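Participant: predicted model follows, preceded by the sequence.
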Amino acid sequence: MVPLQRQNQKVETNMNIKEYKDNLRKEIKRNRMLMTQEKVMEKSRIICQKILNHKKYQNSTCIYCYYPVQNEVDILPVIKHALNNGKTIALPKVINKQGEMIFAEIKSLDNLIIGHYN
């Protein structure tokens with residue numbers, strides 16, 4: 001894996017913040033895509049357990065999530081748990097060709113359709 005830059009490192013003067021963020025996102029995605037499926041699932045399980053045990057999750061009634069793609073943390077267990085426990089779940093939905101998004105409430109994972117970003 002390619003090591004991430006430390007938070008306290010200064011951004012080069014010839015690179016603006018947007019370029020820095022774009023480069024950092026690409027680096028994180030590259031590292032994520034290099035992970036094995038087994039490693040992704042192991043880390044996802046740990047993260048989901050931490051979320052489910054967190055007081056903020058337990059006390060919440062509405063949760064904004066994402067549907068995992070491309071080796072992202074698989075938070076589907078959190079979404080399923082939340083739906084089964086009467087919490088409101090909202091996922092991003094692309095609403096036009098410019099890529100604008102809104103959060104849309106879902107009642108189930110069964111009726112989702114593949115959108116602009118999968």
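Facilitator: Thanks, I have the structure now.
Participant: okay, CA-based contacts and neighbour counts for the rest of this
Facilitator: Fine.
Participant: now the lowest-mean-pLDDT helix or strand in the chain, how far from the chain's geometric center?
Facilitator: When the helices and strands of the chain are scored by mean pLDDT, DSSP states H and E, helix 17-34 comes last with a mean of 92. Centroid displacement of helix 17-34 relative to its chain, using Cα atoms, centre = their mean, to the nearest Å, is 14 Å.
Participant: buried residues, the helix or strand following it. List them.
Facilitator: With elements assigned by DSSP states H and E, the helix or strand that comes after helix 17-34 is helix 37-53. The neighbour-count check on helix 37-53 (16 or more other Cα atoms under 10 Å) flags Val40, Met41, Ser44, Arg45, Ile47, Cys48 as buried.
Participant: quick one: helix 37-53 to helix 17-34, angle?
Facilitator: 110 degrees (axes from the mean of the first three to the mean of the last three Cα atoms, to 10 degrees).
Participant: show the average pLDDT along helix 37-53.
Facilitator: The average of the pLDDT scores along helix 37-53 is 97.
Participant: ditto for stretch 101-113
Facilitator: Rounded mean pLDDT across stretch 101-113 is 92.
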